[in-house]
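Participant: Any chance you could fold what I've pasted below:
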Amino acid sequence: MKDFRAGTYVSQGYYRSFQPTLINRQWQLDNMEVIQLLSKADRDLGRLDMYSNYIPNIDLFISMHVLKEATQSSKIEGTQTNIEEALREKEDVPLDKRDDWEEIQNYMHAMEAAIKELDYLPFSARLIRDTHKSLLHGVRGDKRHPGEFRHSQNWIGGATINDATFIPPVHTSITELVGDLENFVHNKDIFFPELLKIALIHYQFETIHPFLDGNGRVGRLMITLYLVNKGILKKPILYLSDFLETHRRHYYENLMLVREKNDISQWFKFFLVGIIETANKCITTFDSILQLQKEVDLDIQKLGSRAANAQKIVNYLYQRPLINAEKVVEITGISYPSAYKIIDDLEKSGILREITGGRRKRKYLFKKYTDLFK
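Facilitator: Okay, the predicted model is just below:
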């Protein structure tokens, strides 16, 4: 990567924008540290992907992974909603937190819609625009052309363009740059390891910054979408936002290091370390989920005639671990007195915990489960 050149600064009168070099070309990998990290990242992702094979009901648990990703990715952008708050219904969220809550709900919907879209649409500019449209629909930023590449200059950091930390390329070059990125994704004549391809794609996308708003969230969503689209992961079970939030300063510094010093190798190393750490955290989480599932199954078996309905409730809780009596009735079809009896049983066994502290409209959290994602 010694001959890598990230791009050049171009004068636009009173400011200079950064024009990135096109990436759809042959790449030569010559950094042994990157190669070593790449090998480990591939192995750890392979270990993680095995869970898609031998956990028969893994789809039950993916919703919580998406929820965690949504809260962490949005946190990078400044929102303060945590997992437990994100699980609440809109009417239960304080007015001053509803904007944050709505953005997290949109993030989850955008990811779920994009995963479904991959069944009939390749990883492409259209998929990116569709995802962006879902992400910004009806929330802050919905006036900034959701689903459309920008038609004006934007910037990163600073109150105005004059004190910006970074100024992306002019809008007139967006079509060419995104087209080049899309061609790189699908170019079968160029061999380059897939994990380094998505690392480069993510860097290039963040540098292009093709939308007026939501670029960071879309860029992070793209990582998981790419891994699923390329068959590296069978299920969307790896998300980097937790790692990037934890190392936010280094994340932005490493992106700028590429632009300022042409140091793409350092970016690759940072990205691969993120893959390795995140994959191993996911493996630990899945192991903990399996252990918790065994313990919960034993508790349910003790409920006798109520065990079947209790199992329906727990299956729901694995997907959305906050529940009330109304939802129990809806899931099981039993009466309210019977629902409260099962809730009481699940509370006594430690599966549910009442979190409102009130006598009416009580909410119950599957806390042992949500704690695994903190």
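Participant: Can you pull the domain assignment for the protein?
Facilitator: 7-24+51-276, 302-373 (automatic domain parsing).
Participant: right, and these - which one's nearest residue 285?
Facilitator: domain 302-373 (5.5 Å; CB to CB). Just so you know, the C-beta spots here come from the backbone N, C-alpha and C atoms, and that holds for glycine as well.
Participant: Out of the domains of the chain, which one sits most buried?
Facilitator: Compared across these, domain 7-24+51-276 shows the largest average neighbour count, a mean of 18 (mean count of other CB atoms under 10 Å).
Participant: Scan the chain for its longest helix.
Facilitator: Ranked by residue count and defined by DSSP state H, the top helix of the chain is helix 264-301.
Participant: Who are the packing partners of that one?
Facilitator: helix 32-54, helix 59-76, helix 194-208, helix 241-246, helix 248-261, helix 307-319, helix 367-370 (3 or more CB pairs under 8 Å, 6 or more residues apart in numbering; DSSP states H and E).
Participant: quick one: it to helix 248-261, angle?
Facilitator: 150 degrees (axes from the mean of the first three to the mean of the last three CA atoms, to 10 degrees).
Participant: hang on, the earlier thing: closest to residue 31 out of the domains of the chain?
Facilitator: Using CB to CB, the domains of the chain put domain 7-24+51-276 closest to residue 31, at 4.7 Å.
Participant: Would you mind measuring the gap between the ends of the closest one?
Facilitator: 29 Å (CA to CA, to the nearest Å).
Participant: how far out from the middle of the chain is it?
Facilitator: 9 Å (CA atoms, centre = their mean, to the nearest Å).
Participant: now the strands for the stretch 1-150 of the chain?
Facilitator: Ranges of strands within the stretch 1-150 of the chain are 7-11, 16-20, based on DSSP state E, counting those that start in this stretch.
Participant: Go ahead and confirm residue 196 touches residue 265.
Facilitator: No: the pair residue 196 / residue 265 is not scored as a contact, 10.2 Å apart, by CB atoms under 8 Å.
Participant: ok, back up a step: quick one: which of the domains of the chain is nearest residue 284?
Facilitator: domain 302-373 (8.9 Å).
Participant: Who are the contact partners of the closest residue to residue 369 other than its chain neighbours?
Facilitator: Among residues not flanking residue 369 along the chain, residue 321 sits closest, at 5.0 Å (CB to CB, 6 or more residues apart in numbering). By CB atoms under 8 Å, 6 or more residues apart in numbering, the contact list for residue 321 reads 64, 87, 365, 366, 367, 369, 370.
Participant: before we move on, back to that, who touches both of residue 196 and residue 265?
Facilitator: By CB under 8 Å, 6+ apart, the residues touching both residue 196 and residue 265 are residue 34.
Participant: ok, back up a step: distance to residue 43 and mean pLDDT added to the domains of the chain, as TSV?
Facilitator: TSV is the format used below for these (distance: least, CB to CB, whole Å; pLDDT from 0 to 100):
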stretch	distance to residue 43	mean pLDDT
domain 7-24+51-276	9	92
domain 302-373	24	93
